[in-house]
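Novice: structure for this input, please:
(one chain, ligands or ions: 1)
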Amino acid sequence: MRRGSNRVTHSTDFQAWAAAGQSRVEAVLLLLLPSPEIAPQRLHHAMRYAVLGGGKRVRPLLAFAAGELSGADPARAAIAGAAVEIIHAYSLVHDDLPCMDDDVLRRGKPTCHVEYDEPTALLVGDALQSLAFQVITENKLNDDANVQLQMAKLLAAASGSRGMAGGQAIDLAAVGKVLTVPELEFMHVHKTGAIIRAAALLGLMCGAPVSAAEHAQVDTFARLIGLAFQVVDDVLDVDASTADLGKTAGKDAEQGKPTYVSAMGLERAKAFAEDLRVEAMKSLDGFGERALRLRQLADFIVLRKF
Ligand code: GRG
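Specialist: Numbers count the residues shown, from 1 in each chain. Predicted structure coming up:
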């Protein structure tokens, strides 16, 4: 592992940039979520519980960072990133339900169905998914309405049966089975990778048009880093504590889930994540300083401990 990149990731400059982005998206989410004063109050409370005050906000940070390549207005990238984060929050609420992963801890707090109840958690996910599409369609994110329509389509495809929801279906069907590495990759490119890719491309699309070649470079970067994100998630499940993760560690093995660690072993899985990081960096060749934040995020995603 290149130690130099570790220094970049932990530089105060990156940390300050990330903290500013996290605060910005938190403020936007606060405004976008329905007030807990409005009926139905309990559902609105639960939606805010699921979204606010937690998480690394990696997806909005990717939107900001990719937006820097196209000169996107950060206010627009923040809305696009928030829409993806709302989809992500919905997926976590549903994933934690007893009919799926059945977990009690998320982001260091009781999961939504534990804090509220199962029907409420189901509706929280449903309402958050609708809210994300309201957000991405009712706010002006690009001066060209056609581009904005493409953005809404991208988010829909990334979330649906040929994206995240499809990946989750494959994941549920894989419990207790042994998957090959290509099968694992297919599952995770959908389950985790699709909305990470969407976050980066939506941030990019908030700005001025870039060439098809540049768009493809960002797409490649996002696909590689989305997969790396999942490989690291599998590694952390065996290599980190529940306290550090804010969610139950060791669940994959306990539930008989095929992971990169079960398929390759811990050390090879770590090396694979590093290979993906290096490949992702290469895909940004030619962007120079404009891609600094994307490079730092790639480092963060692979070198993170939580
Ligand atoms: C229910 C349709 C549906 C989909 C669920 C994303 C997902 C699909 C389930 C989450 C389960 C999981 C732990 C996946 C591994 C990768 C992942 C998405 C981890 C959580 O994302 P982080 O680490 O979480 O970005 P924070 O809390 O930081 O936002």
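
Novice: contact partners for I301?
Specialist: 58, 225, 228-229, 232, 277 (CB atoms under 8 Å, 6 or more residues apart in numbering). All C-beta spots, glycine's among them, are computed from the backbone N, C-alpha and C.

Novice: let's see that with 7 Å instead.
Specialist: 58, 225, 228-229, 232 (CB atoms under 7 Å, 6 or more residues apart in numbering).

Novice: again, but for Q129
Specialist: Counting by CB under 7 Å, 6+ apart, Q129 has contacts 87, 90, 159.

Novice: quick one, strands of the stretch 51-200 of the chain?
Specialist: Remark: strands assigned in the stretch 51-200 of the chain by DSSP state E, counting those that start in this stretch are 105-106, 109-110.

Novice: so the last one, near the ligand or not?
Specialist: Spelled out, that is strand 109-110. No - legend: contact between strand 109-110 and the ligand by CB under 6 Å from any ligand atom is lacking; minimum distance shown is 10.4 Å.

Novice: returning to what we had before: tell me which of the strands of the stretch 51-200 of the chain sits most buried.
Specialist: Of those, the one with the most neighbours on average (mean count of other CB atoms under 10 Å) is strand 105-106, at a mean of 20.

Novice: what lines up beside it in the sheet?
Specialist: strand 109-110 (antiparallel) (DSSP bridges).

Novice: so how far is the strand it pairs with off the chain centroid?
Specialist: 20 Å (CA atoms, centre = their mean, to the nearest Å).

Novice: hmm, who's touching that strand?
Specialist: By CB under 7 Å, 6+ apart, the list of residues contacting strand 109-110 reads 54, 104.

Novice: just stretch 253-267 next, same as before
Specialist: 174-179, 181, 184, 231, 234-235, 237-239, 252, 269, 272.

Novice: restricted to helices, list those residues.
Specialist: Here DSSP state H is the test, and the contacts of stretch 253-267 give 181, 184, 231, 234-235, 237-239, 252, 269, 272 as lying in helices.

Novice: show me which of those are buried.
Specialist: Buried by 16 or more other CB atoms under 10 Å: 184, 231, 234-235, 237, 252, 269, 272, out of the ones in helices among the contacts of stretch 253-267.

Novice: lowest-confidence entry in these?
Specialist: Among those, D252 carries the lowest pLDDT, at 84.

Novice: write out the residues of this structure neighbouring the ligand.
Specialist: Going by CB under 6 Å from any ligand atom, the residues of the chain near the ligand are 55-56, 58, 88, 91-92, 94-95, 107, 164-165, 168, 191-192, 230, 233.

Novice: go again with 8 Å.
Specialist: 54-59, 85, 88-95, 100-101, 106-107, 125, 159, 164-165, 167-168, 171, 191-192, 195, 229-230, 233, 246-247, 306 (CB under 8 Å from any ligand atom).

Novice: quick one: which of the residues you listed sit in helices?
Specialist: 58-59, 85, 88-95, 125, 159, 164-165, 167-168, 171, 195, 229-230, 233.

Novice: smallest distance to the ligand belongs to which residue of the stretch 51-200 of the chain?
Specialist: G55 (3.1 Å; CB to the nearest ligand atom).

Novice: contact partners for that residue?
Specialist: Per CB under 7 Å, 6+ apart, neighbours of G55: R107.

Novice: re earlier: show me which pair in the buried ones among the ones in helices among the contacts of stretch 253-267 is furthest apart.
Specialist: Pairwise distances across these peak at 16.0 Å for D252 and F272 (criterion: CB to CB).

Novice: who's the spatially closest residue to L92 that is not a sequence neighbour bridged to?
Specialist: Spatially, and ignoring its direct neighbours in sequence, L92 is nearest to R106 (5.9 Å; CB to CB, 6 or more residues apart in numbering). Note on R106: beta-bridge partners by DSSP bridges are K109.

Novice: I figured R106 hits D96, correct?
Specialist: Yes - with contact defined as CB atoms under 7 Å, R106 counts as touching D96 (5.6 Å).
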